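Below: sequence and its predicted model.
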Amino acid sequence: MIGALLSRLAPPAPVRVPHPARTGKGQGPAGAAPGRGRRARLRDWAELLRVSALFTVPGDALAGAAAAGLRPNRGTAYAVGASLCLYEAGMALNDWADRDEDAVDRPHRPLPSGRVSPTAALGAAGVLTAAGLAFAARAGRPALAVATALAATVWAYDLRLKHTPAAPAAMAAARGLDLLLGATATVSAPTATRPRRTAAGTAPSARAHGPLPQRSGAAAPSGPHPAAPAAPALTGSALIGAVLTGPDAGTPRGGAAARGGGPRPSMSRQRREHGAGWGGRPPATPGPALRTAAPAAAALAAHTYAVTAVSRHEAHGGSTLTPLAACGATTALGLLLARTPATAGLLPALPAAAYVRTAAVPCLHAALNPSPTLTQRAVGGGIRAMIPLQAALAARSGAGVSALAVLGLAPLARTLARKVSPT
């Protein structure tokens with residue numbers, strides 16, 4: 001009896017209550033999914049940044065270098081790094097700007113569900129933008145200028161233009177600028193192919209083309225110089241032919257040998273070594289590189305415009321004309337890419353066919369049944385179709401190796417899209 005009385009008078013034993021999960025960057029509030037591990041947080045960020053769509057980015061720089069008629073170099077790698085960072089910055093900023101809308105339409109997204117904080121998403125967008133500009137700066141000032149315009153377009157789209165009629169045009173401009181970034185970075189990088197000077201200050205081909213011009217203010221050495229042979233004069237018709245057909249058009253037969261440089265390589269050999277580009281001759285400065293790569297950038301921008309127009313209806317569906325117009329536009333673009341120059345062979349037709357199958361067919365299904373599910377599939381197909389489109393653009397420019405490398409990303413994008421949605 002005394003023991004029972006003492007047990008009643010004793011204080012109750014403390015009850016262990018599980019400590020709520022601490023909130024922080026990449027974690028939800030205290031009552032949401034306590035004890036989330038590192039793998040779960042990484043998956044949350046992968047969903048926020050839509051990492052399955054990352055494989056559609058490197059092909060922009062490779063297609064830009066090919067369209068400019070240049071081999072990929074260190075500048076191309078810097079352009080790829082800048083594109084990846086700016087693309088992911090746009091993804092994080094997009095969800096930050098749409099967090100209130102996603103709370104109603106897509107509450108499962110990382111920000112509305114509390115798995116990633118809005119502050120962390122906005123901070124990631126800023127850091128990734130700075131990293132992208134730093135990569136572009138490594139490729140030179142022209143590449144930095146293009147990357148700055150690209151970053152400004154991305155931020156303007158996410159913060160101001162996304163819900164306006166100018167949204168498809170803004171997104172199309174961003175993709176076009178991304179391809180031009182690859183062209184500019186490849187031609188302006190410090191390691192770009194340029195004539196290497198010897199210790200005497202002359203290029204290896206000085207014996208063929210004569211001495212280099214003296215700098216202003218430098219005294220000319222005394223003594224006779226071997227006269228440099230005069231360049232053959234070009235008539236008006238020959239000049240037009242030189243512009244249309246490349247560097248060999250304005251040179252008379254045997255003219256290269258007369259200059260002492262031996263027979264010049266044929267244009268087909270130049271295409272195999274450098275890629276002829278859409279303009280024929282590989283440019284040496286960023287200005288011509290932008291003009292040469294402009295048609296390829298316009299093709300990529302046209303596709304992006306069509307996909308962005310469809311994506312404006314992916315939450316609720318209901319649009320028939322927009323997916324139908326996108327189906328027609330992508331089909332026409334694929335047929336245009338399949339009509340390749342004779343020098344490119346049949347290689348561009350293969351990615352062009354894959355492009356039409358990936359982009360146009362889902363748009364046709366969404367036009368026949370404009371439900372949200374099929375509309376989202378059309379948008380996802382349009383995003384994945386970037387890869388065969390980039391490969392077709394590279395192959396059309398004569399860069400077969402780059403085209404095959406870009407096509408190799410398609411299976412990886414398709415596999416990862418099953419785990420992380422690209423939309």
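Happy to help now that I have it.

residues of the helix or strand hosting residue 303 that come out buried?
Per DSSP states H and E, residue 303 falls inside helix 286-311. By neighbour count on 16 or more other C-beta atoms under 10 Å, the buried set for helix 286-311 is 286, 288-290, 292-297, 299-311. To be clear about C-beta, it is placed using only N, CA and C from the backbone, and glycine gets the same treatment.

Show me what that helix packs onto, helices and strands only.
Helix 286-311 sits against helix 58-67, helix 167-188, helix 321-338, helix 349-368, helix 372-384, helix 386-396, with contacts defined as 3 or more C-beta pairs under 8 Å, 6 or more residues apart in numbering; DSSP states H and E.

ok, 7 Å please
helix 58-67, helix 167-188, helix 321-338, helix 372-384, helix 386-396 (3 or more C-beta pairs under 7 Å, 6 or more residues apart in numbering; DSSP states H and E).

Just tell me which of the ones you listed ends up closest to residue 155.
helix 167-188 (10.2 Å; C-beta to C-beta).

now could you export just the CA positions of the closest one as PDB?
This file holds the C-alpha atoms of helix 167-188, laid out as PDB (Å, rounded to 0.1, in the frame of the first residue of the first chain):
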ATOM      1  CA  ALA A 167       5.700  35.800 -74.400                       C
ATOM      2  CA  PRO A 168       6.300  33.400 -77.400                       C
ATOM      3  CA  ALA A 169       8.400  36.100 -79.200                       C
ATOM      4  CA  ALA A 170      10.500  36.600 -76.000                       C
ATOM      5  CA  MET A 171      11.100  32.900 -75.600                       C
ATOM      6  CA  ALA A 172      12.000  32.500 -79.300                       C
ATOM      7  CA  ALA A 173      14.500  35.400 -79.000                       C
ATOM      8  CA  ALA A 174      16.100  33.700 -76.000                       C
ATOM      9  CA  ARG A 175      16.700  30.500 -77.900                       C
ATOM     10  CA  GLY A 176      17.900  32.300 -81.000                       C
ATOM     11  CA  LEU A 177      20.400  34.300 -78.800                       C
ATOM     12  CA  ASP A 178      21.600  31.000 -77.200                       C
ATOM     13  CA  LEU A 179      22.600  29.700 -80.600                       C
ATOM     14  CA  LEU A 180      24.200  33.000 -81.500                       C
ATOM     15  CA  LEU A 181      26.100  32.800 -78.200                       C
ATOM     16  CA  GLY A 182      27.700  29.500 -79.400                       C
ATOM     17  CA  ALA A 183      28.700  31.000 -82.700                       C
ATOM     18  CA  THR A 184      30.100  34.200 -81.100                       C
ATOM     19  CA  ALA A 185      32.000  32.400 -78.300                       C
ATOM     20  CA  THR A 186      33.500  29.900 -80.800                       C
ATOM     21  CA  VAL A 187      34.900  32.600 -83.000                       C
ATOM     22  CA  SER A 188      36.000  35.100 -80.300                       C
END
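
what's in contact with the strand or helix carrying residue 121?
Per DSSP H and E: residue 121 is located in helix 118-138. For helix 118-138, contacts defined as C-beta atoms under 7 Å, 6 or more residues apart in numbering pick out 25-26, 48, 78, 81-82, 85-86, 88-89, 92-93, 95-96, 99, 111, 143-144, 147-148, 151, 181, 185.

6 Å instead, please
25, 78, 81-82, 85-86, 88-89, 92-93, 95-96, 99, 111, 143-144, 147, 151 (C-beta atoms under 6 Å, 6 or more residues apart in numbering).

One more: stretch 411-423?
Residues outside stretch 411-423 that contact it (C-beta under 6 Å, 6+ apart): 46-47, 50-53, 55, 376, 379-380, 383-384.

could I get these as a markdown table with neighbour count and distance to residue 104?
Listed next are the contacts of stretch 411-423 as a markdown table, based on neighbours: other C-beta atoms under 10 Å; distance: C-beta to C-beta, whole Å:
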| residue | neighbour count | distance to residue 104 |
| --- | --- | --- |
| 46 | 16 | 24 |
| 47 | 20 | 18 |
| 50 | 22 | 20 |
| 51 | 20 | 25 |
| 52 | 24 | 25 |
| 53 | 22 | 24 |
| 55 | 24 | 31 |
| 376 | 21 | 17 |
| 379 | 24 | 19 |
| 380 | 21 | 22 |
| 383 | 23 | 24 |
| 384 | 25 | 28 |
